[in-house]
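Q: this one's sequence-less:
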Ligand SMILES: [Zn+2]
């Protein structure tokens, strides 16, 4: 019997609003414990929540980017459970009436594109953090994170493999970062993922019994956990057993999933509409206002780069991976007097090659590049007009990165200008041919590999400054000429 | 006449002319407290020292800047209103030592108007009760008969005003908790429209029903306090940005030509004959003032109690989840792990009535029961609200008894929750509909117990209620009796 995995993902993204969702406290990460708190987010008696409208707008940005229908009215509900990191004893979330539903995204897979449905997006508040003392039998609570806004994005069970899940996750991550509503940091927990996994007989409709996976804090772990869980369920089913409906935790070190709680132990959250908050009304004017502010999304940008700059899909993918890379590239191309495919491709090569490598080594992104975009354009122009060779440019770009100086200045300072004087080069080439009669004879006898030897000799003699094209032409002419 | 027995407006007049000072008034009130508090037990916490300091400041302010809306007037706060630096217990062991680092919005507003705070008054634990007997700090007694309850849950505030232990007080009303004790203690009590007075800093019982309101000796004082506490608060999402009129303008305007609705469902079997007689008398009084009385119907009245005892406990079980021993308030030290700490803290921290309602609420919201209980109750609630909308299309105000009986004896109903719940039968519908209501004294039983009459109006029609109540007060000439303490 052949099994097919059915996977749905629930993503929690922390929003980059300045303030928390229901009070004025800062939502910044990394402050000293319990310093970003007030009576409201501490859940003190008698205090009341007031919704931060920025959170609604950030949610709307994601809803529009994922083609969701935005409902005219939604409301908040209380999700009731006891835990020390939840000061009110309930989380304010959304339940029966979510703000956005019925969306989709298109993910890029090896075999092409696939559309994955978005069931719903809703807003909620984050909980605090517990810290356990290893030496004392004590636990501490840090409530800085309590009330930091989250959106939960629930996918349809449209995902059929661990690779597809990873691609979907990357796609949503990229959109969130592009919209500048989430920093996407999985280690710090600002982008979290849970998965529902079941297997069914391939080609049949009904879903199998599913397990919920938690605690996967990197893209790689999501893929590994799903691969493991699919195999585990397959093993259970092939052995004639039944998958149990339960929540399982991914153990990164052991590379396995463990049962955390069964269906019977699951919480009854006793959801009901929060009487302290009024329904949120989102009218068309508000939606249009947000739509106007929407930036170009990764997939659109990728397609436009391929169309406008005529660069290959791979280049477009790397260049649009972050908004910073893409805008650096566009600024570079805009510095050319006219856009031509050759220069556009050269810009892509320099940006995704040498420059990206240097930035990565320094753990910097393109907004912090010591080389400005117009300097890359200048570099490409002086290679193109023959002032320096591509090989020389490799050293120049390193110097540009170190010093921040424009390429023209570096070329001048180091006397790197390429020799393009045909008369002088002809003399040099003639001298080299004279000194190496044996190799000349070999070449003329048809051993064309020796050609490289001559190029090397000329470069050596000119200190690498000779124009490679010119050497090539002269050598060919002079080696053939005497035959 | 002792200063403590006067009204706000009488005292403001004396302060204005310099005939007395806030320090003298405050000293008079604390003198009265010293004399009768041992019998009445209206307060959980007295604020004598800060009150005298505030009074001295008020006297300075009067000389310097003249008199404000409440400058120098001693006011008591139900111990459900958070007070910065002063413990706020909500009548519960679980908050026995809780000191809020913030003031409720109403407290801020009273402070800004120059009020002097006498203390925090006793109440049923978390406002759950109709007799002030469920307080962890012991029962308050009715000043008119110390063997009887003062009503509840704001029994401490009602008793303090009736006994002269403050000039006026604030209470909170979730199902009648201002109006019922006001009626049983012979004072005026108003529950404003839901959203009229900020709930910020009011310890929540049932968030969609709770509302803060005044206890006063007469209708004019009610208007004075409403002028200070009503108004939009950006810290509360359900607060309504509706303009607040000067409620004093509605005093002494008369009610000539008004139509008064008498709901037939409110004169039921089981109502005490003396109470019924007193309320029937009010009908004749308002007719004497030129109003016309008609019968109206509120057909869903019989479901009010059932709806209330789903909605209120459901909201309460969630609102009270925060009292878990983790962050503030009482914590049992006996728990060996987290779950035990939770269980032992809540078992010892909450009283029986609170536990009963937490369990009812938890059950009503449980998976599989939500639709049958909470959702159904919310639907019926909408019908109850519609009943009032339809009735107010035919009349300006509605007149009903406030309570079915006068004050009952301490301990009489503590073992019978259903009997206790029935004492709110005429007041609960108001909270479910969100409309304002006022209870005004309308006479005494042969045994000398006060009886109250309730007037109701449409949303944000507090001015209309004040106009009607003040006209009634003037026309009725209710005997100015005082409890003998
Ligand atoms: Zn806060």
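A: Yes, it's here. Given the structure is predicted, the values throughout are model-derived calculations rather than measurements.
Q: residues near residue B:41, how many?
A: Using other CB atoms under 10 Å in any protein chain shown, residue B:41 has 22 neighbouring residues. C-beta: built from backbone N, CA, C; applies to glycine.
Q: Near the ion, which residues of the stretch 1-150 of chain A? Just list them.
A: Counting by CB under 5 Å from the ion, the residues of the stretch 1-150 of chain A close to the ion are A:23, A:25, A:38, A:40, A:41.
Q: let's see 8 Å
A: Neighbours of the ion within the stretch 1-150 of chain A, by CB under 8 Å from the ion: A:20, A:22-25, A:36-42, A:146-147.
Q: Could you list which of the residues you listed also contact chain B?
A: When the residues of the stretch 1-150 of chain A next to the ion are filtered against chain B using CB under 8 Å from any CB of the partner chain, the residues retained are A:39, A:42.
Q: Out of the residues of the stretch 1-150 of chain A next to the ion, grab the one that's most surrounded.
A: Result: residue A:147 is most packed of those (other CB under 10 Å), 30 neighbours.
Q: correct me, but that one touches residue A:41?
A: Yes. Residue A:147 lies in contact with residue A:41 (CB atoms under 8 Å); the separation is 3.9 Å.
Q: Now list whatever residues contact both of those two.
A: In terms of CB atoms under 8 Å, 6 or more residues apart in numbering or on different chains, residue A:147 and residue A:41 are both contacted by the residues A:20, A:22, A:23, A:25.
Q: For residue A:257, which non-adjacent residue is closest in space?
A: Closest residue to residue A:257 apart from its sequence neighbours, by CB to CB, 6 or more residues apart in numbering or on different chains: residue A:248 at 4.2 Å.
Q: now swap in residue B:177 and tell me
A: residue B:153 (4.2 Å).
Q: quick one: the helices in the stretch 101-250 of chain A?
A: A:162-178, A:219-238 (DSSP state H, counting those that start in this stretch).
Q: same check, this time on the stretch 101-250 of chain B
A: B:105-112, B:155-163, B:179-185, B:219-229.
Q: Pick out the residue closest to the middle of the chain.
A: Just going to use chain A. residue A:174 (4.7 Å; CA atoms, centre = their mean).
Q: actually it's chain B I care about, not the one you picked
A: Nearest to the geometric centre of chain B sits residue B:178, at 2.1 Å (CA atoms, centre = their mean).
Q: Quick check: that one touching residue B:191?
A: Yes. Residue B:178 lies in contact with residue B:191 (CB under 8 Å); the separation is 5.2 Å.
Q: Overlap in contacts, the two.
A: Contacts common to residue B:178 and residue B:191, judged by CB under 8 Å, 6+ apart, are residue B:213.
Q: And the residue of the stretch 201-350 of chain A closest to the ion?
A: residue A:276 (14.8 Å; CB to the ion).
Q: For residue A:13, see how far away the residue nearest to the centre of chain A is.
A: 12 Å (CB to CB, to the nearest Å).
Q: again, but for residue B:102
A: 32 Å.
Q: and chain A, which residues reach chain B?
A: So chain A meets chain B at A:39, A:42-51, A:78, A:80, A:82, A:84, A:87-90, A:141, A:268, A:270-272, A:275-278 (CB under 8 Å from any CB).
Q: Where does the stretch 51-200 of chain A get nearest to chain B, residue-wise?
A: residue A:89 (2.5 Å; CB to the nearest CB).
Q: Looks like that residue contacts residue B:317 (just checking).
A: No. With contact defined as CB under 8 Å, residue A:89 does not reach residue B:317; the gap is 9.4 Å.
Q: what about burial for the residues of chain A next to chain B, which qualify?
A: A:39, A:42-51, A:78, A:80, A:82, A:84, A:87-90, A:141, A:270-272, A:275-277 (16 or more other CB atoms under 10 Å in any protein chain shown).
Q: Give me the subset of these that lies in strands.
A: When these are checked against strands (DSSP state E), the matches are A:78, A:80, A:90, A:141, A:272.
Q: And the furthest pair within the residues you listed?
A: Every pair in those was compared (CB to CB); the two farthest apart turn out to be A:141 and A:272, at 25.8 Å.
Q: Quick check: closest non-adjacent residue to residue 93.
A: Picking chain A for this. In space, residue A:93 is closest to residue A:124, 3.8 Å off (CB to CB, 6+ apart).
Q: My question was about chain B, not that one.
A: residue B:136 (4.5 Å).
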